[in-house]
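quick check, what structure comes out for this input:
(one chain, ligands or ions: 2)
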Amino acid sequence: MTKVALTIAGSDSGGGAGIQADLRTFAFHCVHGVSALTCVTAQNTLGVSAVEAISVAMVIKQIEAILQDFEINAVKTGMLLNGTIIEAVAQQLKQRHLSQLVVDPVMVSRTGAKLLNQQAIDSLKQLLIPQALIVTPNRYEAQLLSEMEINTIEDMKQAANKIYHNLRAKVVLVKGGGMSGSLKGVDVWFDGNEYELLRGTIVDTKNTHGTGCTLSAAIAANLALEKDLYSAVQAAKNYVTTALQHSLNLGAGNGPVGHFFPLLS
Ligand SMILES: Nc1ncnc2c1ncn2[C@@H]1O[C@H](COP(=O)(O)OP(=O)(O)OP(=O)(O)O)[C@@H](O)[C@H]1O
Ligand SMILES: Cc1ncc(CO)c(N)n1
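Ligands and ions are numbered 1, 2, ... in the order given. Model prediction:
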């Protein structure tokens with residue numbers, strides 16, 4: 001039986017991140033992707049030049065239409081833009097008991113651009129992250145969520161511990177794409193008992209746009225395929241590393257990671 005994964009996220013007009021990356025990642029896992037769009041960004045490899053929200057009523061309608069008709073095997077959330085949308089999404093997910101939930105707390109891009117307004121951060125912390133099976137902040141998001149600076153692996157572990165205890169996600173994965181030197185690409189997993197370091201091969205490329213979306217979508221796809229959470233994260237990490245190794249040198253800025261590798265050999 002074909003598995004179905006839902007992404008609740010924003011559109012990236014440049015096609016590297018957001019809903020475009022999520023649907024592409026689902027497809028390359030042979031998982032059918034369904035989507036609820038939260039906002040539209042005018043964006044390319046150089047950055048985001050404009051953002052417009054989808055109305056909350058329309059976000060809810062999309063989720064309702066999907067849930068009325070499909071059995072959903074896993075869900076990921078990405079860019080949610082504002083507190084009203086976050087509240088509506090959190091309420092929908094809670095009502096429907098969608099527990100295979102990956103929350104990518106998109107707040108700050110790796111280039112430092114703010115992707116979520118301040119008021120929304122509280123809703124994300126209070127309403128959405130506590131429902132997550134796993135939350136996947138990047139370095140800057142982890143700093144915001146843990147209220148501490150992150151420069152070392154020990155800091156990543158401490159931040160994961162704080163986020164776990166304060167926000168009650170079942171697993172916290174602090175991503176290392178924003179770290180420097182040999183720490184780039186090392187992710188820290190904390191499940192309340194154990195810390196695990198996921199060390200990918202460091203890929204020397206500027207074309208890293210969409211790594212975070214691709215990782216969380218690949219975790220959701222692997223959960224939909226009935227992998228346990230740790231195996232899903234390991235498989236997703238391998239997928240992102242390979243996508244970085246095949247990243248596309250498009251645009252003048254940070255080009256997108258490449259998903260076509262299964263078709264290239
Ligand atoms: N140059 C790299 N080499 C190897 N792995 C990397 C590299 N850059 C990022 N990663 C990995 O990509 C995944 C996404 O992490 P990252 O910190 O880049 O997320 P993000 O900032 O949310 O991404 P985005 O750029 O989409 O906002 C993590 O597993 C991270 O370790
Ligand atoms: C739409 C969208 N979602 C997520 C990100 C984070 O990479 C982005 N740049 N754009």
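
can you show me the helices along this protein?
Listed in chain order, the helices of the chain (DSSP state H) span 18-28, 56-69, 83-95, 118-123, 139-146, 153-167, 211-224, 229-245, 261-264.

ok, residue 226 to ligand 2 distance?
According to Cβ to the nearest ligand atom, to the nearest Å, residue 226 and ligand 2 sit 27 Å apart. Glycine gets a C-beta too; all of them are placed from N, C-alpha and C.

scratch that, residue 233
According to Cβ to the nearest ligand atom, residue 233 stands 18 Å off from ligand 2.

for burial, what's the neighbour tally of that residue?
25 (other Cβ atoms under 10 Å).

and for it, nearest residue in space, chain neighbours not counted?
Nearest non-adjacent residue to residue 233, counting by Cβ to Cβ, 6 or more residues apart in numbering: residue 219, 5.7 Å away.

residues contacting that neighbour?
76, 102, 134, 136, 229, 232, 233, 236 (Cβ atoms under 8 Å, 6 or more residues apart in numbering).

with only the CA atoms kept, save the strand of greatest length in the chain in CSV.
Secondary structure of the chain per DSSP state E: the longest strand is strand 32-44. Taking C-alpha atoms only, strand 32-44 is exported to CSV below (Å, rounded to 0.1, in the frame of the first residue of the first chain):
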residue,chain,number,x,y,z
HIS,A,32,2.9,10.1,-2.0
GLY,A,33,3.2,13.8,-0.9
VAL,A,34,0.2,15.9,0.1
SER,A,35,0.6,19.6,1.1
ALA,A,36,-1.0,22.4,3.0
LEU,A,37,0.6,25.7,1.9
THR,A,38,1.0,28.3,4.7
CYS,A,39,2.7,31.1,2.8
VAL,A,40,4.3,32.1,-0.5
THR,A,41,7.8,33.5,-0.6
ALA,A,42,9.4,35.4,-3.4
GLN,A,43,12.8,33.7,-3.1
ASN,A,44,15.9,32.7,-5.1
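
quick one, it and helix 18-28 angle?
With axes from the mean of the first three to the mean of the last three Cα atoms, to 10 degrees as the basis, strand 32-44 and helix 18-28 are set at 140 degrees to each other.

coming back round to it: check the helices of the chain for me and report the most buried one.
Ranked by average neighbour count under the criterion mean count of other Cβ atoms under 10 Å, those are headed by helix 211-224 at a mean of 28.

quick one, that one and helix 18-28 angle?
40 degrees.

for helix 211-224, give the mean pLDDT please.
The average pLDDT within helix 211-224 is 98.

how far does that helix sit from its chain's centre?
Computed by Cα atoms, centre = their mean, to the nearest Å, the chain-centroid distance of helix 211-224 equals 7 Å.

hmm, back to that, quick check, the longest strand of the chain touching ligand 2?
Yes: on the criterion Cβ under 6 Å from any ligand atom, strand 32-44 is in touch with ligand 2 at 41, 43.
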